[in-house]
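Visitor: give the three-dimensional model of this entry:
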Amino acid sequence: MFADVKAELMKRAALLIDGDLPALAGRYAYPLAAFLGASRVIVNTRDEMIAILELLRSELLRRKVYQILPDITAIDLPRGGRMRAWVRWHEVSTIREENRISKVTYYCTLTPAGIRTDMLQYTELSMPELHGALEALALSA
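Guide: Predicted structure coming up:
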């Protein structure tokens with residue numbers, strides 16, 4: 001299971017960096033609940049997710065992030081087709097001061113099409129400056 005989750009997360013990071021946001025958005029189940037610290041954002045559709053991913057990617061590009069590396073700290077044993085993964089994401093930038101880390105718990109469903117995330121819980125945000133924009137975008141969609 002560890003290898004499958006690692007491969008999935010590496011693929012998601014590559015899709016984000018490469019800008020294939022429709023493919024990345026297809027790896028989530030909707031509605032998707034995302035807990036950002038004490039706040040909650042509900043992403044209702046794939047199109048809403050693409051808009052959020054565009055915002056995240058533009059900030060990564062502005063900060064000259066060229067690689068995002070997942071560090072899986074723990075994985076649940078799957079039960080009833082569901083599992084959790086605790087991940088620390090390392091954002092690698094050409095500007096050393098822009099290297100950042102986020103910590104997130106993924107709540108996933110195992111489907112014939114692969115691992116689909118239906119809830120996220122961020123315990124550390126790498127881009128707190130986008131928090132308000134993400135909430136506004138989710139509410140306006």
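Visitor: ok, which stretches of this protein are strands?
Guide: Ranges of strands within the chain are 28-36, 39-43, 65-75, 82-93, 100-111, 114-124, based on DSSP state E.
Visitor: what ranges of the protein fall below the confidence cut-off?
Guide: Scanning the chain for pLDDT under 70 picks out 131-141.
Visitor: nearest to residue 11, of the strands of the chain?
Guide: Nearest of the strands of the chain to residue 11, taken as CB to CB: strand 114-124 at 9.2 Å. In short, each C-beta sits where N, CA and C put it, glycine included.
Visitor: list the buried residues of that closest one.
Guide: Buried residues in strand 114-124, counted by 16 or more other CB atoms under 10 Å: 115, 116, 117, 119, 120, 121, 122.
Visitor: of the residues you listed, closest to residue 93?
Guide: Checking the buried residues of strand 114-124 against residue 93 by CB to CB gives residue 122 as the nearest, at 19.5 Å.
Visitor: surely that closest one touches residue 103?
Guide: Yes - applying CB atoms under 8 Å, one finds residue 122 in contact with residue 103, separated by 6.9 Å.
Visitor: excluding its backbone neighbours, what's nearest residue 129?
Guide: Spatially, and ignoring its direct neighbours in sequence, residue 129 is nearest to residue 59 (7.8 Å; CB to CB, 6 or more residues apart in numbering).
Visitor: go on, residue 68?
Guide: Spatial nearest neighbour of residue 68, excluding adjacent residues (CB to CB, 6+ apart): residue 13 at 4.1 Å.
Visitor: contact partners for residue 76?
Guide: Counting by CB atoms under 8 Å, 6 or more residues apart in numbering, residue 76 touches 83, 84, 85.
Visitor: same thing with residue 30?
Guide: Neighbour list for residue 30: 43, 44, 45, 46, 49 [criterion: CB under 8 Å, 6+ apart].
Visitor: picking that back up, residues near the residue nearest to residue 68, how many?
Guide: The number of residues packed near residue 13 is 18, by other CB atoms under 10 Å.
Visitor: what's the residue located most distally from the centre of the chain sitting at in phi/psi?
Guide: For the chain, the residue at maximal distance from the C-alpha centroid (CA atoms, centre = their mean) is residue 80, at 23.0 Å. For residue 80, the backbone dihedrals (degrees, to the nearest 10) come out as phi 60, psi 30.
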